[in-house]
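> The following block contains a protein sequence and its predicted model.
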Amino acid sequence: MSTYTINAAKHVTPEFLPLFQKATGDAFVTGEVFDKSMERICGYQDHLTNAPNYPTYFSILYAFTRGNTSSLPDQVEIMKHNCRDLAKNVIAFTILCDGTPMVYQGREQHFSGAHDPDNREALWLSDYDTNTPLYELIATLNTLRKHASPVDPEYLNTQASPILKGLGEMAFVK
């Protein structure tokens, strides 16, 4: 299966997107729209196979760090150096919750992925260590997700529902 990613899709002429999707045939096309607006993201899902759920990403970040999304780069740096368990929680939620999981290239190496030019950090500079805690967690969660689908054919279509919302914790069932 072929896949394509349109970086900064929100800066592409909207009329072009369905033409591009059609021209790719059966390819999986992701249009990156780095935006907090659910309405804006949903509009792109009408024309492309996939648009990352950045509105949820920002909500997750806020939920796990109790921070302010305007200070995203600072929060990521704090998490990077001090709060590996928080990073693990965000990754677990991202991979196991609804939709197509997307993880920033370099997150498994605990790169910050802050803003230009750091949101495209060179992966080869880390020697691509496959023994980092986040790499191992992502591999384990991918194995779990792959296992869940054959066990329950409706797993991928079942929406996650919160079963616990506390002051400092959340639990979901899927």
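Here it is on my side, so go on. Numbers count the residues shown, from 1 in each chain.
> Give the residue spans of the chain that score low on pLDDT.
The chain contains residues with pLDDT under 70 at 1, 63-86, 112-119, 166-169.
> measure the residue positioned nearest the centre of the chain to residue 165 for me?
Centre of the chain computed as the mean C-alpha position; nearest residue by C-alpha atoms, centre = their mean is residue 102, 3.5 Å away. Relative to residue 165, residue 102 is positioned 25 Å away (C-beta to C-beta, to the nearest Å). Heads up, the C-betas are built off the backbone N, CA and C, glycines and all.
> can you check residue 150 too?
31 Å.
> What strand or helix carries the residue nearest to the centre of the chain?
Assessed by DSSP states H and E, residue 102 sits outside every helix and strand.
> and it, what is it in contact with?
Residue 102 is in contact with 30, 52, 94, counting by C-beta atoms under 8 Å, 6 or more residues apart in numbering.
> quick check: domain ranges of this protein?
Structurally, the chain divides into domains by automatic domain parsing as follows: 1-52, 71-173.
> how far is stretch 159-174 from where the chain is centred?
Computed by C-alpha atoms, centre = their mean, to the nearest Å, the chain-centroid distance of stretch 159-174 equals 18 Å.
> ok, now which ones touch the closest residue to residue 44 other than its chain neighbours?
Excluding the flanking residues, the one nearest residue 44 by C-beta to C-beta, 6 or more residues apart in numbering is residue 51, at 4.1 Å. By C-beta under 8 Å, 6+ apart, the residues touching residue 51 are 9, 30-33, 41-42, 44-45.
> Pick the one among these closest to residue 145.
Within the contacts of residue 51, proximity to residue 145 (C-beta to C-beta) peaks at residue 30, which comes in at 17.8 Å.
> buried sites along whatever helix or strand that closest one lives in?
In this structure, residue 30 sits in strand 28-31 according to DSSP H and E. Of the residues in strand 28-31, those buried by neighbour count under the rule 16 or more other C-beta atoms under 10 Å are 29-31.
> just stretch 98-109 next, same as before
Result for stretch 98-109 [16+ other C-beta under 10 Å]: buried residues 101-104, 106-109.
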